[in-house]
Each structure stands twice: as C-alpha cells, then as structure tokens.
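Enquirer: Need a 3D model of the sequence below.
(chains A, B, C and D)
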Protein chains: 2
Amino acid sequence: MSPENARRPANCCVPKPVRALAADVAAVATQIAKSLSDPNRLQIVHLLAGQTLPVCACDIVEWLDVSQPTVSHHLKTLADAGVVDVGRIGTWRFYRLKDSARALLQTLLAGAR
Amino acid sequence: MSPENARRPANCCVPKPVRALAADVAAVATQIAKSLSDPNRLQIVHLLAGQTLPVCACDIVEWLDVSQPTVSHHLKTLADAGVVDVGRIGTWRFYRLKDSARALLQTLLAGAR
DNA sequence: GTAATATATCGATAATCATCAATACAAGCC
DNA sequence: GGCTTGTATTGATGATTATCGATATATTAC
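Expert: Residues are numbered from 1 along each chain as shown, chains lettered A, B, ... in the order given. Purely as a prediction, here's the structure:
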C-alpha cells in the first residue's frame, strides 16, 4: 500500500527510510545464523564455549550422540561460517570457538530465556 | 576415541566436562537463530531495527521485493521465534523488534564483518 | 448489503538440509 | 610394504523450507 493512503491508522506510521543491508553482509550474517540454527551445532558451540583449549573432533563425536560423519559435516559448516577455527596435528583436527562467536552465543542464549 | 589414548597429541587435551544445553533452551535458541538465517528475514529485522515505531506488514511488502504471502510467512516465522511483537489495528498488523533481538542483530552484524 | 483493502492460509514445487552407512584419505606405527 | 586410527567425502534418503499464485478471512468504506 502507498504511504499516502488515507486509511493508514495513526499508530502505524510510514517507516523511516532504511537502506537494505548490503547483500554480502547479509549473506555472511545469515550464514553465521544458520550455522547456529541446528541443535547439534548449537551443542557443539556450547561445548567449545566451555573450553580454553581446542577440542578434538573425536571428543566431540564422543560427547555428542550422532555419527562421526554427521559431526564432521557440522564442524565443516561451523568452520565455513567462520564460527570456529580449525587446527591440525597429524590426522587430528581440533576446533576452537572464535571470540565473536562466543559473544554471539551469549547473546543468543540470553534472549532464549 | 577414548581420553586415555596414548596417541592423543599434547595440544589436543581432553576437554573439560560440559553439560549439554537443556533441550528446551537449545530448541528456543535454534529457533531464534533459524529465524535470522534467511536473507529476507534478516532484512526485515534490519528494517525494524531502524524504527522507533511499529511497522505495517504492507510497508514491509513494499520495501522488500518478495510477494505478500512470502512476507506474511516470514513475519509469522519471526513472531513464532519471539523476535518481533505483533499488534493490530483493524486488518492492519504492525511489527516491532524486541529489544533482545535488537541486541542479537547488533552482535550478529558485528561478527559478520 | 457490495466493494475495496490488508493480511493470512492453502497447495504445489523446487531447493536445501540433516543424517547415516560406506568409502576414501592421511598420518603414524609395525 | 601393511595395519590402525582420526577425519573427510560420497551417495542416498527423508525432512524441512522458501517461494509463488490462488484463495480465504477480516475489516473498513460506501
């Protein structure tokens, strides 16, 4: 409907003009949000948030109750979103939560109660 | 793999024990995250974040470049997640971003650059 | 009453996704 | 070389989702 419509209710004012988010910024932000929008990934991030040292994929597999390929897939999703950092020692991969993601998790959980 | 495995690398310590997030808390949090994980919904939230007064669905339809049913569906998703508040005047619905969601959007966008 | 308007819902479709078993890859040990 | 172990990838499948056009509902104006 057009802003000059006479039927527009008084409390439903014409919004202030707002520029849309740049597509690339929106894409990155949605990717981060999507990476946190699965229960298993949220649990992984929560586990990592409770650690000071990086955690092996093997320990996450043991801690979480899903198959190893599924954990691997979730870890890749989190890494692609830039939510976790990955390191390697031999065949071992260890994962660390990025500081920005730690802050985001805190805010998300604070809003979830 | 088991924590007592001798091959475990030195920098890949056994993680501190962490209780999994309660299922209901995780469910709410993932629902919020999921509601922000779509580009159009993120734009809607961004638009609402720039307003002091509630915004009509009709204005969002005009502002965003998707069909009215799609906007309606997205608004329902955001309302179900508790990210926005909904009010009505007659047939009009107006939407307001909740404060907790405003903070979350800020943190999300801050991490997206 | 009818007409117009704002929004929600329905039904369908194409796309994305979470999951697993099986397999492949990579590194260390014998 | 072969064996073992940690992890990633592949392929398949069932579930979820974003989107639209068409339609229904609700409210106001006439």
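Enquirer: buried sites along the host helix or strand of A:Glu62?
Expert: In this assignment (DSSP states H and E), A:Glu62 forms part of helix A:57-63. Neighbour counts over helix A:57-63 (16 or more other C-beta atoms under 10 Å in any protein chain shown) mark A:Ala57, A:Cys58, A:Asp59, A:Ile60, A:Val61, A:Trp63 as buried. To be clear about C-beta, it is placed using only N, CA and C from the backbone, and glycine gets the same treatment.
Enquirer: How about the contacts made by the fifth one?
Expert: Spelled out, it's A:Val61. A:Ser67, A:Gln68, A:Val71 (C-beta atoms under 8 Å, 6 or more residues apart in numbering or on different chains).
Enquirer: Derive a PyMOL selection command for the buried subset of these.
Expert: Per 16+ other C-beta under 10 Å, the buried members of those correspond to this PyMOL selection:
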select buried, chain A and resi 71
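Enquirer: Within reach of DNA strand D, which of the contacts of A:Val61 are there?
Expert: Here is what survives when the contacts of A:Val61 are matched to DNA strand D using C-beta under 7 Å from any atom of the strand: A:Gln68.
Enquirer: what is the rounded mean pLDDT of the helix holding A:Glu62?
Expert: With pLDDT averaged residue by residue, helix A:57-63 scores 96.
Enquirer: so where do the strands sit in chain A?
Expert: Here chain A has its strands, by DSSP state E, at A:55-56, A:84-89, A:92-97.
Enquirer: any residue of stretch A:37-48 up close to DNA strand D?
Expert: No - using C-beta under 7 Å from any atom of the strand, stretch A:37-48 never reaches DNA strand D; the gap is at least 8.0 Å.
Enquirer: Quick one: mean pLDDT over that stretch.
Expert: Mean predicted lDDT for stretch A:37-48 stands at 98.
Enquirer: just to revisit the earlier point, from the contacts of A:Val61, which ones fall inside helices?
Expert: Counting by DSSP state H, the contacts of A:Val61 place A:Gln68, A:Val71 in helices.
Enquirer: ok, of the contacts of A:Val61, which one's closest to A:Ala101?
Expert: A:Val71 (17.6 Å; C-beta to C-beta).
Enquirer: Pull the distance from stretch A:51-60 to the chain's centre.
Expert: Chain-centre distance of stretch A:51-60: 18 Å, with C-alpha atoms, centre = their mean, to the nearest Å.
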